[in-house]
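Trainee: Sequence first, predicted coordinates after that:
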Amino acid sequence: MRIRVYVAGKPALDHAKRGVDDYLKRLRRYGHVELIILKAGDSATVSAQLLARSEGHHRIALDERGEALTTQQWADVFEELEQRGEVKTLSFLIGASDGHTESLRRASNRIWQLSSLTLQHEIALVVLLEQIYRVATLRKGEPYHR
Ligand SMILES: C[S@@+](CC[C@H](N)C(=O)[O-])C[C@H]1O[C@@H](n2cnc3c(N)ncnc32)[C@H](O)[C@@H]1O
């Protein structure tokens, strides 16, 4: 199962860029995780791009009001989707500064939060990549996840 992470606008904050590069590099050992950077814009434009680019994928929208799961629960969902074998691409969708549109929410398979705090989208991206990395190490029984 491939994992794609969609975000609008290239990370501009220095600390976020370093975090993104670090986790993408670490994730190379664990298979297909791809970051796709879309054109920045308002909520409606970004949500429309996210929907178009993730057509046919299993969509997980990231939203501070979403379902709060533990890292182990994320790993269980990844495992279950892989076992079912129906999902070729799992896509995480990060929204614009005004968040996702209602139609994107409705078209998503799941809506997950990273915390109940509102995060700057580049910070949300770093936290998301770190969790994807943590799940990968957890599933392999590696010591990073303690
Ligand atoms: C600045 S936030 C948008 C905040 C916006 N006021 C809202 O109500 O959604 C930009 C994007 O970062 C992501 N994000 C920010 N905080 C998050 C959190 N705690 N959990 C999950 N995603 C988050 C979401 O994808 C969100 O659409």
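Mentor: Looks like it arrived, so ask away.

Trainee: C-alpha only now, for contacts and for neighbours.
Mentor: Will do.

Trainee: Could you check how far the residue positioned nearest the centre of the chain is from residue 100?
Mentor: The structure's the chain has its C-alpha centroid closest to residue 92; by CA atoms, centre = their mean the separation is 3.3 Å. Residue 92 is 12 Å from residue 100, where distance means CA to CA, to the nearest Å.

Trainee: now do residue 129
Mentor: According to CA to CA, residue 129 and residue 100 sit 19 Å apart.

Trainee: and what of residue 111?
Mentor: Counting by CA to CA - residue 111 and residue 100 are separated by 11 Å.

Trainee: Test my guess that residue 40 contacts residue 96.
Mentor: Yes. Counting by CA atoms under 8 Å, residue 40 touches residue 96, with 7.4 Å between them.

Trainee: can you list residues touching both of those two?
Mentor: Common neighbours of residue 40 and residue 96, counting by CA atoms under 8 Å, 6 or more residues apart in numbering, are 8, 46.

Trainee: the more surrounded of the two?
Mentor: residue 96 (21 against 16; other CA atoms under 10 Å).

Trainee: residue ranges for the helices of this structure, please.
Mentor: Taking DSSP state H as the criterion, the chain contains helices spanning 14-27, 43-53, 71-84, 102-107, 121-139.

Trainee: what about the shortest one, average pLDDT?
Mentor: If I follow you right, that is helix 102-107. Regarding helix 102-107, the rounded mean pLDDT is 98.

Trainee: Ok, stretch 39-48 next?
Mentor: pLDDT averaged over stretch 39-48 gives 97.

Trainee: Other residues contacting it?
Mentor: Under the criterion CA under 8 Å, 6+ apart, residues 8-9, 38, 95-101, 104 lie in contact with stretch 39-48.

Trainee: Buried residues, it. List them.
Mentor: 40, 43-44, 46-47 (16 or more other CA atoms under 10 Å).

Trainee: how about the residues of the protein that lie near the ligand?
Mentor: Residues of the chain lying near the ligand by CA under 6 Å from any ligand atom: 62-64, 94-100, 113-121, 124.
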